[in-house]
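Engineer: how would this look folded up:
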Amino acid sequence: MGVSLTKGGDAPLAGPHLSKVLVALGWRSLDVTGRDVDLDASALMVGRSGRVLSDEHFVFYNNLKSPDTSVEHKGDNRVGAGAAEQDCETILIDLAAVPPRCVRILFPVSIYDGERTGQTFGQVRDAYIRVVDEATADEVVRYDLTEDYAKDSAVIFGELFRQGDQWRFRAVGDGYSQGLRAIAVGYGVNVSS
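Structural biologist: Residues are numbered from 1 along each chain as shown. Predicted coordinates:
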């Protein structure tokens, strides 16, 4: 079992052979109206300027790979796992292939069309993010979100960041009431209206 973090905590991604990791995200949706809550994980590859390297470095269900192929979204789960401890979506990171100019990779999860439907993370339970060694399937680090996000339709679950020659993971847990669009625009993605 890996390191368990609380909000704001961070830990190194250590291991002699750790070169590829799966960032696995999970949740359970509880919409009492019977509607599915479609959550989407994504990745933003950010440079020292605090902005994405390019629009193509915003990896999500409609852009499954970064241009350098170091970040790959493994597919969209539209209804959630329905049970705890089952990953809903995963993103593969080839740490050695991430361009040096990328210093952070953020992992937001958003409710598809949440602003229009009024669905929020108040209808989501048992949310987590964990980093798994792709070669061994061992969990390296984990963050279980426990905050109240009832007003938010998007949450940055966590981030990978460089510290010297090493990658670390930070538990972020910041909610956004204006959805994924606000996060993407804030990090410099050119979002068409």
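
Engineer: Could you look up the SS state of Glu56?
Structural biologist: Three-state call for Glu56 (DSSP: H, G, I helix; E, B strand; the rest coil): helix.

Engineer: Was I right to think it contacts Asn62?
Structural biologist: No - Glu56 lies out of contact with Asn62 (Cβ atoms under 8 Å); the separation is 11.4 Å. The way it works is simple: take the backbone N, C-alpha and C, and place the C-beta from them, glycine included.

Engineer: Worst mean pLDDT across the helices and strands of this protein, which element?
Structural biologist: helix 114-117 (a mean of 84; mean pLDDT, DSSP states H and E).

Engineer: Could you pull out the buried residues of that one?
Structural biologist: Within helix 114-117, the residues that qualify as buried are Gly114, Glu115, counting by 16 or more other Cβ atoms under 10 Å.

Engineer: Tell me which residue of the protein is furthest from the middle?
Structural biologist: Thr33 (26.6 Å; Cα atoms, centre = their mean).

Engineer: so Pro67 is in which element?
Structural biologist: Counting by DSSP states H and E, there is no helix or strand that carries Pro67.

Engineer: Just list the residues touching the residue nearest to it when sequence neighbours are not counted, thanks.
Structural biologist: Nearest residue to Pro67, sequence neighbours excluded (Cβ to Cβ, 6 or more residues apart in numbering): Glu56, at 4.9 Å. By Cβ atoms under 8 Å, 6 or more residues apart in numbering, the residues touching Glu56 are Asn63, Ser66, Pro67.

Engineer: Save the residues you listed as CSV, and put in pLDDT and neighbour count too.
Structural biologist: Formatted as CSV, the contacts of Glu56 follow (pLDDT from 0 to 100; neighbours: other Cβ atoms under 10 Å):
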residue, pLDDT, neighbour count
Asn63, 95, 15
Ser66, 98, 25
Pro67, 97, 14
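
Engineer: All good on my end, thank you.
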